[in-house]
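Asks: Mind folding the following:
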Amino acid sequence: MLLMVGAILAVLPSYLWPYSLSGASAAPSILVRDTVLVNRAAYDFRLPYSRIALFHTGTPHREDCARTA
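Replies: Sure thing, here's the model as predicted:
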């Protein structure tokens with residue numbers, strides 16, 4: 001059980017990232033300095049802590065909040 005929790009905590013930060021917004025492009029629904037949690041596995045599944053994509057899982061759709069790196 002402890003090993004499973006450790007594995008999840010080791011891999012989770014590579015797929016869920018918090019971002020703080022610095023511009024008003026999404027106003028009024030998202031305000032400046034709001035923090036959003038980004039699911040990076042929604043569009044492609046990568047090796048943890050790398051930029052190597054194993055396979056693509058989807059594409060952005062209308063009204064998706066997307067951030068480009």
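Asks: Going along the chain, name the helices of the protein.
Replies: Applying DSSP state H to the chain gives helices spanning 2-11.
Asks: Within the sheet, what are the partner strands of the helix or strand bottoming out on mean pLDDT in it, with directions?
Replies: Scoring the helices and strands of the chain by mean pLDDT, DSSP states H and E places strand 16-20 at the bottom, with a mean of 74. According to DSSP bridges, strand 16-20 forms sheet pairs with strand 35-39 (antiparallel).
Asks: where does this protein have low pLDDT?
Replies: 25-27, 65-69 (pLDDT under 70).
Asks: Could you tell me the phi and psi values at Ile30?
Replies: phi -120, psi 120 (degrees, to the nearest 10).
Asks: Surely it and Leu21 touch.
Replies: Yes - applying Cβ atoms under 8 Å, one finds Ile30 in contact with Leu21, separated by 6.0 Å. Glycine gets a C-beta too; all of them are placed from N, C-alpha and C.
Asks: Overlap in contacts, those two.
Replies: Val36 (Cβ atoms under 8 Å, 6 or more residues apart in numbering).
Asks: what comes up buried for the least confident helix or strand of the chain?
Replies: Buried positions in strand 16-20, judged by neighbour count with 16 or more other Cβ atoms under 10 Å: none.
Asks: And it, how far out from the chain middle?
Replies: Averaging C-alpha positions (Cα atoms, centre = their mean, to the nearest Å) puts strand 16-20 6 Å from its chain's average.
Asks: C-alpha coordinates for it, CSV please?
Replies: C-alpha atoms of strand 16-20 as CSV (Å, rounded to 0.1, in the frame of the first residue of the first chain):
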residue,chain,number,x,y,z
LEU,A,16,-1.1,17.7,-13.2
TRP,A,17,0.5,21.1,-13.1
PRO,A,18,-0.8,24.3,-11.4
TYR,A,19,-0.5,27.4,-13.6
SER,A,20,-1.1,31.0,-12.4
